[in-house]
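[1] need coordinates for the below:
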Amino acid sequence: MKMNKSIICLCLMACPMLISGTASAENKAEAITLSPSIGGYVFEGNQDLDGGSAFGLGLGYNLDTHWTAEAAIHYGDADRVSDGRDVNAWLYHLDALYHFNPSERLVPYLASGLGALVVDPDRSHNDNDFAVNYGAGLKYFLTDDVALRGDVRHVISFNSIHNNLLYTVGLTFSFGGVEEKTKVTTLNDPNPKNDEKVAVILVTESLADQMAMEAAAQRKVVVLGFEDVHFEFGESELKPEAKVILKRNILLLRENPAAQIRIAGYTSAAGTDEFNQTLSEKRARSVEKYLVDEGVITEDRLSTIGYGETSPARVEVAPKNIYSNAAKANMRVLFEVILE
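    Purely as a prediction, here's the structure:
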């Protein structure tokens, strides 16, 4: 009954995050993770132990988007079948987790590791056995940095070989990390008709390279990759890091002197439509001015446009949170390229 109440409490804690809206999911590389959990531990019948509830805490580090190294500890209570005495059990383990589809909201994973199972640590004749574990789990991202997690492990302890089962549910909190790099990839017909609109697509860097190779083979589509320029909330002034990015973009523009550049400004979802439209136009003009002032690109090659909060790079779960990763991704300027 105690374990059931704990699981209900955990679900109630997660409900507000579920109600808050849709989240963009990403198992971020180089993030540190903290995973509290509750569940149960089942002992093999010949161990003279009745399993009970289990409480755990895991500390992990994402080596990349797929692989995570995690150290975890689980405490479980049990009853000795022969005399009814309460028994404490501790499972310590160091694991490797492999995540499938790490950029999706629902992320399945496989896990395996090794450690130790200690039963009755307060008694001089306690059982202290080497243990290995393997199993699988699921993470469901509620927000950018919080995921609901479920996990099942087969635990094998040695000396006398025993087969145990550990099952848990909990939350995973992510801190820091590197988001998957993207390129702004612009596809254009070299001979546009009827003033066709330029198609702008956000893709991963590897996909942009693949598209570029396909375009070269077809000789019908031009693909140029640029880095976005980002701004502080409500600001149109270029940050020092934005100027560094623009200097790299300028090198690409030098290599394509026939390219006509449309500079497109965007904002986050916070603010009125009118304010965001004006701000997006100011951001585009700020980038235009910098390119001209650098003396690299003449004004006749440039045009600007503002899209306000439309066509966001990422969906903002809570628009009022101007410091969310999604809001920061949307406060940007990107380049649309037309070749004559």
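[2] all helices for the protein, in order.
    Under the criterion DSSP state H, the chain contains helices at 2-19, 205-218, 240-254, 273-293, 325-330.
[3] might you report the residue contacts of the residue nearest to Leu106 when sequence neighbours are not counted?
    The shortest distance from Leu106 to any non-neighbouring residue, by Cβ to Cβ, 6 or more residues apart in numbering, is to Tyr140 (5.4 Å). All C-beta atoms are positioned from the backbone trio N, CA, C, and that covers glycine. Residues in contact with Tyr140 (Cβ atoms under 8 Å, 6 or more residues apart in numbering) are Arg105, Leu106, Val107, Ala147, Leu148, Arg149.
[4] who wins on neighbours among those residues?
    Neighbour counts for the contacts of Tyr140 (other Cβ atoms under 10 Å) peak at Ala147, which has 26 neighbours.
[5] roughly how far apart are the residue nearest to Leu106 and Val155?
    Noted for Tyr140: a distance of 24 Å to Val155, by Cβ to Cβ, to the nearest Å.
[6] ditto for Leu334
    For Leu334 relative to Val155 (Cβ to Cβ), the value is 50 Å.
[7] Ser53 too?
    Relative to Val155, and taking Cβ to Cβ, Ser53 is found at 16 Å.
[8] these two: which is more packed in?
    When Ser53 and Val155 are compared for neighbours, Val155 comes out ahead with 24 against 19, by other Cβ under 10 Å.
[9] burial count for the residue nearest to the more buried one when sequence neighbours are not counted?
    Nearest non-adjacent residue to Val155, counting by Cβ to Cβ, 6+ apart: Asn164, 4.2 Å away. By the criterion of other Cβ under 10 Å, Asn164 has 22 neighbours.
[10] ditto for His99
    Applying other Cβ under 10 Å, we find 21 residues neighbouring His99.
[11] can you tell me, leaving aside adjacent residues, what's nearest to it?
    That would be Tyr109: by Cβ to Cβ, 6+ apart, it lies 4.5 Å from His99.
[12] and if you look at Pro312?
    Counting by Cβ to Cβ, 6+ apart, the residue nearest Pro312 is Asn330, at 4.6 Å.
[13] stretch 229-245: which residues count as buried?
    For stretch 229-245, the neighbour count (16 or more other Cβ atoms under 10 Å) marks Val229, His230, Phe231, Ser236, Leu238, Ala242, Ile245 as buried.
[14] ditto for stretch 294-312
    Buried, per 16+ other Cβ under 10 Å, within stretch 294-312: Val296, Ile297, Arg301, Leu302, Thr304, Gly306, Tyr307, Gly308, Glu309, Pro312.
[15] over to stretch 165-179?
    Buried-residue list, stretch 165-179, by 16+ other Cβ under 10 Å: Leu165, Leu166, Tyr167, Thr168, Val169, Gly170, Leu171, Thr172, Ser174, Gly177, Glu179.
[16] hmm, Ile38 and the fourth one touching each other?
    Yes. Counting by Cβ atoms under 8 Å, Thr168 touches Ile38, with 6.4 Å between them.
[17] which residues do these two both contact?
    Counting by Cβ under 8 Å, 6+ apart, the common neighbours of Thr168 and Ile38 are Ala54, Gly56.
[18] what ranges do the strands span in the stretch 101-250 of the chain?
    Along the stretch 101-250 of the chain, counting by DSSP state E, counting those that start in this stretch, strands occupy 106-119, 127-141, 146-157, 162-175, 182-188, 199-204, 222-226, 229-230.
[19] outline the domain layout of the chain.
    2-175, 182-339 (automatic domain parsing).
[20] need the ones you listed in TSV with mean pLDDT, can you?
    Below are the domains of the chain laid out as TSV (pLDDT from 0 to 100):
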stretch	mean pLDDT
domain 2-175	84
domain 182-339	75
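[21] inside strands: which ones of the buried residues of stretch 294-312?
    The strands, defined by DSSP state E, take in Leu302, Thr304, Gly306 from the buried residues of stretch 294-312.
[22] pick the one among these closest to Val87.
    Gly306 (67.4 Å; Cβ to Cβ).
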